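A.B. asks: Here is my input; please provide its structure:
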Amino acid sequence: MNLPRSAAVVVAGGGPAGLAAAIELGTRGIEVLVLEPRTEVSFDRPRAKTTSARTMEHLRRWGLADRVRQVAPLPVAWSQDAAFVTSLLGEEVTRFTDCFGLSPARQDSVAESGQQIAQPLLESVLREAVEQTAPACLATGWSLAGLRESPDGVLVEARHLDGTHRQVRAQYVLGCDGSRSQTRDAIGERYTGSTDARTNFNLVFRAPGLRERIRLRSAIHYWVLDAEVPGLVGPLDLGSTWWGMVMGVDAETGERDAQRLLRHLIGPGGEDIDLDVVATDPWTARMLIAPSYGRGRVYLVGDAVHLNPPFGGHGFNTAIGDAINIGWKLAAVLQGWAGPEILRSYEAERRPVAQQTIDEATTNMRTLSKDLAHPSLAAIGPAGEAARRAAAREIQATKDSEFHSLGLVLGYRYDASPVVPGDAVPAPAFDPRRYVPSARPGGRLPHAWLPDGRSLYDLLSKEMTLLLLDRRADPAPFVVEARKSGVPLGVVDISAVPLPGRDDAAMLLVRPDQHIAWRGLDPVVDPEDAAATLEVALARQAQTRRHRASHKP
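C.D. replies: Coordinates of the predicted model:
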C-alpha cells in the first residue's frame, strides 16, 4: 500500500497495544497510522491467553466484547478452574476455582468478566476494528526504521519488507513495537532490571482424542507436578489443539525432545495418542522496565517499555491499559480540550502500575511446578494420598494470588498523577487479591448494574462525564465552564442507584478511561472551583491563563 505522507499519530507496532491505541485514537476522529511488519496474524503461537475483566470492559466500551466472546473457542462457562495434577491422565492434587476473573454469571463488580482467548484471535478482532475505523490506517509489511523529532512534530522513516523506504510526518509517535522496540532504541532508552536464570520451552501441539481421555474435571490450566518434566498444559479449543510449557528446558533440548516432553506431561496411559507439534517457542522470564516512558513527542507503550513474567496473565493486559491511557490523552490534546502537559501524566500514572505488575508476577514465579513436584505424588495408596494432601496445602498457600488477583486488575490507582487531586477520604488499603470498590480520585469508577439491566459504564460519555450521585447535586457550574472552555462533558444522574464505595460523594468527574478525576462531597460547587477542577484534570492551566489574559479589558 502507499503510505500517507502525514498522520496525527504514527503507531509503531500492530500487536494488541498498537491496535488498542489506534482504536482509542481513531474512534475519536484522530488520523492514526499503524506500521506493522507482519502481513498476517500468525496462529501458531498463542502467546497471551488471558484477557482480564478490565480489558474486557474496555472492549465493551469499543463495542467489541461480544465479538471477542464469539470468536473465543473456550466459552467462559466451560471452565474457570486451574488444576494441579500429577499428569493429564493422572491424579488431581488440588485446584483453584473462579480464576482470572472468569465467571459465566453476571458479577456486580465488573461490566465484563474475563475471557480465555489466544492472542492471535484477539489481534484479528482488533485488526478488523481498526480497518473499520475511518481515520485509522493499518499498514502491514511496514515498520519504523528511524525518526527525527522537531519542536512541531516527528519525521518517521518507515521501511517496507521489500526494502522500500518512505517518510511520514506525524505530530506524535507511539512505540508499541515490543521488547525489541526500534522506537525505544531511536530515543536512546534501555531497559533496566533482571532476567530469570531458568529457561522454559513452549509448545503448541495437536493431540486428537486426548481431551476425551482426561478423566479430571475440566480446567483452563493443568499444572503438571512431574519431578522430571514439570510444566503446564491447557486447551486452546474444545477439539484437539493444546499449548504446553515445560519449565527448566532450553531450546536445544526442547526441539530435540519435544515428543518425549509431551508424553511426560500427558502421563502413563497416553502412549498411543498421536502428537503433532505445531510450533515451539523457547523463552526466559524478564523483569524489565525502561527509566522513561518517552521523550518529547515520542512515547513507549506496553512491552516496549516494560516486561514481566507471564504468571498471572497480566502482561498484555497491562499493555492495553498503557495504550488507552496515552491514547485518550493524545486525542484530547490534538482536539484542544486538554493541555499538552497532560501527556506528562502518562508515565506518572502507568509506571507504578507496571512496577506493581512486575512485582506480583515475580512473586507468582517463585513457586512453580518444579518446586512443587515430588515422586511420591503419583504413588498409589496411603503414601501417595498423604503426599498429595501435603502438596495441596502448600499449593493453596503459595499460588492463590496467581489465580485470584482482582485487586491488582481492578484496584490499581493513579495517586501520583499530577492531574488527579486527592481528597480527605482515604483509599482502601491495596490488596492484589481482593478488589474493594472506592470512589476516591485516581481509581477505576466502581461498577454498578442499573435497575433496567444496563451497566453504569454504558451510560458514560465518550469523553468526560459528570456523575450526579446526590439528587441535590447541581451540575450547572461544570456545564457552563465546560461549554466555555470547549471540554466535551456529559452529565448522568444516577442518584437513585447505590454506588459501591461512594463514601458520601455527591458528584464524580469521570475520565474517558473510566478513572475518577475528581470527587465532590458537596452537592453545590462554586463556579471557580468547577473551573479549577477541569483545569487540573485536563492540565488546562496554561490555556486558561492565556485565555483570561487575552480577554482582560
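A.B. asks: and the residue lying closest to residue 114 once chain neighbours are set aside, how many residues sit next to it?
C.D. replies: With sequence-adjacent residues excluded and distances taken as Cβ to Cβ, 6 or more residues apart in numbering, residue 114 is closest to residue 101, at 3.7 Å. For glycine as for every other residue, the C-beta is placed from the backbone atoms N, C-alpha and C. As a burial measure, residue 101 scores 29 neighbours (other Cβ atoms under 10 Å).
A.B. asks: Assess the claim that residue 101 and residue 403 are in contact.
C.D. replies: No: Residue 101 is beyond contact range of residue 403, at 9.8 Å (criterion: Cβ atoms under 8 Å).
A.B. asks: hmm, back to that, the residue nearest to residue 114: what's it in contact with?
C.D. replies: 52, 53, 110, 113, 114, 406, 409 (Cβ atoms under 8 Å, 6 or more residues apart in numbering).
A.B. asks: quick one: pLDDT of the residue nearest the centre of the chain?
C.D. replies: Centroid-nearest residue in the chain, with Cα atoms, centre = their mean: residue 317, separated by 1.4 Å. Here, the pLDDT recorded for residue 317 equals 97.
A.B. asks: Isn't it up against residue 410?
C.D. replies: No: under the criterion of Cβ under 8 Å, residue 317 makes no contact with residue 410, lying 11.2 Å away.
A.B. asks: any weak-confidence spans in the stretch 451-553 of the chain?
C.D. replies: For the stretch 451-553 of the chain, the stretches with pLDDT under 70 are 542-553.
A.B. asks: all strands in the stretch 451-553 of the chain, in order from the N-terminus.
C.D. replies: Secondary structure of the stretch 451-553 of the chain, counting by DSSP state E, counting those that start in this stretch: strands at 464-468, 489-493, 507-510, 516-520.
A.B. asks: Please report the number of neighbouring residues for residue 13.
C.D. replies: 28.
A.B. asks: list the contacts for it?
C.D. replies: For residue 13, the contact set (Cβ under 8 Å, 6+ apart) comprises 34, 35, 36, 144, 175, 176, 177, 178, 181, 183, 304.
A.B. asks: show me what contacts the last one?
C.D. replies: Counting by Cβ under 8 Å, 6+ apart, residue 304 makes contact with 13, 17, 175, 176, 177, 178, 179, 181, 183, 184, 290.
A.B. asks: thinking again about what came up before, for residue 150, see how far away the residue nearest to residue 114 is.
C.D. replies: Distance from residue 101 to residue 150, counting by Cβ to Cβ, to the nearest Å: 44 Å.
A.B. asks: same thing with residue 294?
C.D. replies: On the measure of Cβ to Cβ, residue 294 and residue 150 end up 16 Å apart.
A.B. asks: who has more neighbours, the two?
C.D. replies: Remark: of residue 294 and residue 150, residue 294 carries more neighbours, 25 against 10, as counted by other Cβ under 10 Å.
A.B. asks: Find the nearest non-adjacent residue to the more buried one, please.
C.D. replies: Excluding the flanking residues, the one nearest residue 294 by Cβ to Cβ, 6+ apart is residue 300, at 5.4 Å.
A.B. asks: bridging residues for that neighbour?
C.D. replies: Beta bridges link residue 300 to residue 175, judged by DSSP bridges.
A.B. asks: Do I have it right that it meets residue 291?
C.D. replies: No: with contact defined as Cβ under 8 Å, residue 300 and residue 291 do not form a contacting pair (10.7 Å).
A.B. asks: any residues in contact with both of these two?
C.D. replies: residue 189.
A.B. asks: From the neighbour counts alone, determine which of those two ranks first.
C.D. replies: Neighbour tally, residue 300 and residue 291, criterion other Cβ under 10 Å: the higher count belongs to residue 300, 29 against 11.
A.B. asks: which ones are touching the more buried one?
C.D. replies: If you count contacts by Cβ under 8 Å, 6+ apart, then residue 300 has 174, 175, 181, 183, 184, 187, 189, 290, 292, 293, 294 around it.
A.B. asks: Tell me who's in contact with the fifth one.
C.D. replies: Spelled out, it's residue 184. Residue 184 makes contact with 175, 177, 190, 290, 300, 304, 305 under the criterion Cβ under 8 Å, 6+ apart.
A.B. asks: between those residues, which is closest to residue 343?
C.D. replies: residue 300 (12.6 Å; Cβ to Cβ).
A.B. asks: Can you name the residues that contact the residue lying closest to residue 230 once chain neighbours are set aside?
C.D. replies: Spatial nearest neighbour of residue 230, excluding adjacent residues (Cβ to Cβ, 6+ apart): residue 369 at 3.5 Å. Counting by Cβ under 8 Å, 6+ apart, residue 369 touches 223, 224, 225, 226, 230, 231, 232, 247.
A.B. asks: Among these, which lie within strands?
C.D. replies: 223, 224, 231, 232, 247 (DSSP state E).
A.B. asks: could you list every residue that touches the third one?
C.D. replies: Read that as residue 231. 223, 224, 244, 245, 246, 247, 261, 265, 369.
A.B. asks: Quick check: the farthest pair among these?
C.D. replies: With Cβ to Cβ as the measure, no two of the contacts of residue 231 lie farther apart than 223 and 261, at 15.2 Å.
A.B. asks: Can you list the residue ranges for helices in the stretch 151-300 of the chain?
C.D. replies: Applying DSSP state H, counting those that start in this stretch to the stretch 151-300 of the chain gives helices spanning 182-186, 210-213, 251-256, 258-266.
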